[in-house]
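Participant: Pasting the sequence and the predicted coordinates here, then a few questions.
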Amino acid sequence: MIIKINRRPGRFVAVGHDGLRMSSLDGSTWSNIQTGKEGEVYRAAAFGGGRFAAVGSFGGSNLLAGSADGIHWESRTLDAKYFKYLRGIGYGLGEFVAVGGDPGSVGSSSPLIVRSSDGIHWSDYIEFSGKQILRRLAFGAGRFVGVGDRGRRATSTDGKAWVDMPDAKAIDTLVDITFGNGVFVGVGLHGLRMSTRDGLKWEHRQVGEEGEHLNSVVWTGQRFVAVGMGATYESADGEHWTRRTNQNAPLTVAYGSGVFVGAHWKGRMFRSTDAVEWREVFRSDQHVEAIVFGES
């Protein structure tokens with residue numbers, strides 16, 4: 001007997017200003033466009049366990065939203081007390097983990113996380129040590145690795161207790177991070193690229209040309225692709241890279257179903273098959289802060 005399993009097609013989800021949430025099957029045609037109140041901003045999104053989740057803020061509150069299909073959303077708010085703001089989100093160990101703190105703090109930013117199994121019901125704030133907040137997360141090989149302000153890099157095996165990389169330098173601040181082929185790869189300003197297997201020992205530090213800020217890095221299943229202003233870098237191992245001059249590079253990028261999808265100010269959506277030549281395919285009235293791909 002043959003059992004047929006019905007799978008939903010992969011879907012891109014984009015979130016942003018004024019509570020924007022929208023989705024696309026191919027990265028070109030965007031639909032199911034929803035907005036909230038003026039001033040609501042979703043800043044980060046993730047996919048895991050067959051569900052999407054997004055986090056952001058509005059006034060003195062955090063916004064948290066979850067969806068099983070990227071179309072129908074349920075949202076919640078958490079009192080941020082004007083300093084406990086969420087800035088990033090990842091998925092691992094069967095749950096979403098959102099990170100943040102006080103993004104305007106000069107001294108201690110009071111880093112924290114909240115956790116959820118479905119993107120709708122969230123834990124209370126869980127504070128952890130460190131002076132700087134984490135802004136981006138990746139999960140792989142049984143651990144989370146986060147990157148944040150002033151060069152902070154930290155790892156956690158449970159999403160609650162975090163251990164910092166020693167002697168982090170502000171000059172090595174990473175903007176984005178991903179996991180693939182057993183390696184975490186982080187990227188940042190002026191073409192900065194670094195890799196680690198455990199989140200504590202970082203190797204293969206390389207930089208590009210001045211102004212080549214790498215804003216996004218993704219793993220395609222075969223290679224890492226880092227996209228920045230003027231250049232796209234590719235690597236199979238996070239150590240040896242090939243640089244290619246790009247055109248119309250977006251500020252944030254997701255990969256899925258063989259295509260790259262990105263966004264640039266204001267609400268301009270781009271699509272590419274190689275992350276080098278980008279074509280504008282859609283324009284939203286609201287700016288897009290984050291894009292994620294999910295395949296159930």
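Facilitator: It's in.

Participant: Need the three-state assignment for residue 286.
Facilitator: coil (DSSP: H, G, I helix; E, B strand; the rest coil).

Participant: Show me what the helix or strand harbouring residue 254 is packed against.
Facilitator: In this structure, residue 254 sits in strand 252-256 according to DSSP states H and E. Counting by 3 or more CB pairs under 8 Å, 6 or more residues apart in numbering; DSSP states H and E, the packing neighbours recorded for strand 252-256 are strand 214-219, strand 224-228, strand 259-264, strand 288-294. For every residue, glycine as well, the C-beta is placed using N, CA and C.

Participant: So which of those strands is nearest residue 68?
Facilitator: Counting by CB to CB, residue 68 lies closest to strand 288-294 out of the helices and strands packed on strand 252-256; the figure is 10.1 Å.

Participant: Could I get the CA-only coordinates of the closest one as CSV?
Facilitator: The C-alpha trace of strand 288-294 is given here as CSV (Å, rounded to 0.1, in the frame of the first residue of the first chain):
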residue,chain,number,x,y,z
VAL,A,288,10.1,45.1,4.5
GLU,A,289,12.4,44.3,7.4
ALA,A,290,12.7,40.5,7.2
ILE,A,291,12.0,37.6,4.8
VAL,A,292,11.9,33.9,5.6
PHE,A,293,11.3,30.8,3.6
GLY,A,294,9.4,27.8,5.0
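
Participant: what's the nearest residue to residue 151 if we skip its chain neighbours?
Facilitator: residue 168 (4.1 Å; CB to CB, 6 or more residues apart in numbering).

Participant: and what of residue 103?
Facilitator: In space, and not counting its chain neighbours, residue 103 is closest to residue 85: 5.7 Å by CB to CB, 6+ apart.

Participant: cool, residue 277 as well?
Facilitator: residue 247 (6.0 Å).

Participant: got the contact list for residue 280?
Facilitator: 248, 268-270 (CB atoms under 8 Å, 6 or more residues apart in numbering).

Participant: how about a cut-off of 10 Å?
Facilitator: 248, 250, 262, 264, 268-271 (CB atoms under 10 Å, 6 or more residues apart in numbering).

Participant: Identify the bridge partners of it.
Facilitator: residue 270 (DSSP bridges).

Participant: Same check on residue 195?
Facilitator: With DSSP bridges as the rule, residue 195 is bridged to residue 185, residue 203.

Participant: So residue 55 sits against residue 78, correct?
Facilitator: Yes - counting by CB atoms under 10 Å, residue 55 touches residue 78, with 9.4 Å between them.

Participant: which of the two has more neighbours?
Facilitator: Between residue 55 and residue 78, counted using other CB atoms under 10 Å, residue 55 has the larger neighbour count: 29 against 19.

Participant: Can you list the strands that the host helix or strand of the more buried one pairs with?
Facilitator: Using DSSP H and E, residue 55 sits in strand 51-58. When pairing is defined by DSSP bridges, strand 51-58 lines up against strand 41-48 (antiparallel), strand 61-67 (antiparallel).

Participant: what is the rounded mean pLDDT of it?
Facilitator: The average pLDDT within strand 51-58 is 98.
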